[in-house]
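K.L.:
Give me a 3D structure for the following:
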Amino acid sequence: MKADDIVKNAFCMPLANPAYPKGPYRFFNREYFIITYRTDPARLRAAVPEPLEITDNVVKYEFIRMPDSTGFGDYTESGQVIPVSYKGKKGGYTHRMFLNDHPPIAGGREIWGFPKVLAQPTLKAEIDCIVGTLDYGPVRIATGTMGYKHKAVDTKTVYDSLMAPNYLLKIIPHVDGTVRICELVEFFLQDVQVKEAWTGPAALELSPHALAPIADLPVLEVVSALHFKADLTLGLGTVAHDYLAK
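P.N.:
Numbers count the residues shown, from 1 in each chain. The predicted structure is shown next:
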């Protein structure tokens, strides 16, 4: 293979059989279950990288069901997003993320810097309740529940929240093990259509785990819960801050 052919065809690893196709990445009927909870402010501050600033002592714990996504397929995701601000813009910093599908794990980490780790999340309706769970190996580490469609929520409010910027810490090592890329990435969702949105009484339980320490941001109080469905495109990112810049 000629060097020019390598450069022409390379866009992700591995070259011979890429782990995921080129975007754009469109999601249809993406189902969210988000529980906002209050946590320990000192631990929250320690979890958020500069130059991001926390806006409140809360965390958004998410369960996301993605039954139909271009390139990535059918999978489920779960994790923690922290409300932050950057240069006066309010958005969300993705702190931890667990999912059960290799292409979005590889693509999410390589392109944007999503902190994606292999695990087994679920999200489904159980009679009169929406239930989200997260298992790391054989251990149940998260359980979220909410009354199923108790009260409708204005979809415009949900749409506005989805249009806020999202932030990630992208880290790629050099071949000698040192850090080659260390960047704060900013990205936006695009072409968003919120189809329905609901709220209801909710509860969240997080359990300690050595390799998936979501309980390090403990649940002190459940503030609110949201269950909605949307179609959207995952936009590509820009570098907001380069930690290695001289």
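
K.L.:
now the strands for this protein?
P.N.:
With strands called from DSSP state E, the chain shows them at 25-38, 53-54, 58-69, 73-86, 89-99, 116-118, 120-126, 129-136, 139-147, 151-152, 166-173, 179-199, 202-206, 221-242.

K.L.:
Compare the ones you listed and report which one is nearest to Ile105.
P.N.:
strand 116-118 (4.5 Å; Cβ to Cβ). The way it works is simple: take the backbone N, C-alpha and C, and place the C-beta from them, glycine included.

K.L.:
For the closest one, what does the pLDDT average out to?
P.N.:
The pLDDT scores in strand 116-118 average 97.

K.L.:
same question, stretch 54-70
P.N.:
97.

K.L.:
Please export the C-alpha coordinates of that stretch as CSV.
P.N.:
Below are the C-alpha coordinates for stretch 54-70, written out as CSV (Å, rounded to 0.1, in the frame of the first residue of the first chain):
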residue,chain,number,x,y,z
ILE,A,54,-19.7,24.4,38.0
THR,A,55,-23.0,26.2,38.1
ASP,A,56,-24.8,24.3,40.9
ASN,A,57,-24.1,21.3,43.1
VAL,A,58,-26.1,19.0,40.9
VAL,A,59,-25.4,16.1,38.5
LYS,A,60,-27.6,14.8,35.7
TYR,A,61,-27.7,11.0,35.7
GLU,A,62,-28.7,9.7,32.3
PHE,A,63,-30.0,6.5,30.8
ILE,A,64,-30.3,6.8,27.0
ARG,A,65,-31.8,4.2,24.7
MET,A,66,-30.7,4.4,21.0
PRO,A,67,-32.7,1.9,19.0
ASP,A,68,-31.8,3.3,15.6
SER,A,69,-28.6,5.2,14.9
THR,A,70,-26.7,5.5,11.6
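
K.L.:
quick one on the thing from earlier: let's have the strands of the chain in JSON lines, adding mean neighbour count.
P.N.:
Converted to JSON lines, those look like this (neighbours: other Cβ atoms under 10 Å):
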{"stretch": "strand 25-38", "mean neighbour count": "20"}
{"stretch": "strand 53-54", "mean neighbour count": "16"}
{"stretch": "strand 58-69", "mean neighbour count": "21"}
{"stretch": "strand 73-86", "mean neighbour count": "21"}
{"stretch": "strand 89-99", "mean neighbour count": "21"}
{"stretch": "strand 116-118", "mean neighbour count": "16"}
{"stretch": "strand 120-126", "mean neighbour count": "16"}
{"stretch": "strand 129-136", "mean neighbour count": "21"}
{"stretch": "strand 139-147", "mean neighbour count": "20"}
{"stretch": "strand 151-152", "mean neighbour count": "10"}
{"stretch": "strand 166-173", "mean neighbour count": "18"}
{"stretch": "strand 179-199", "mean neighbour count": "17"}
{"stretch": "strand 202-206", "mean neighbour count": "18"}
{"stretch": "strand 221-242", "mean neighbour count": "18"}
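
K.L.:
Which one, of those strands, ends up nearest to Lys8?
P.N.:
strand 221-242 (20.1 Å).

K.L.:
picking that back up, okay if I get the strands of the chain as CSV plus distance to Asn17?
P.N.:
As requested, those are exported to CSV (distance: least, Cβ to Cβ, whole Å):
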stretch, distance to Asn17
strand 25-38, 19
strand 53-54, 42
strand 58-69, 20
strand 73-86, 16
strand 89-99, 21
strand 116-118, 19
strand 120-126, 25
strand 129-136, 28
strand 139-147, 33
strand 151-152, 46
strand 166-173, 21
strand 179-199, 24
strand 202-206, 37
strand 221-242, 22
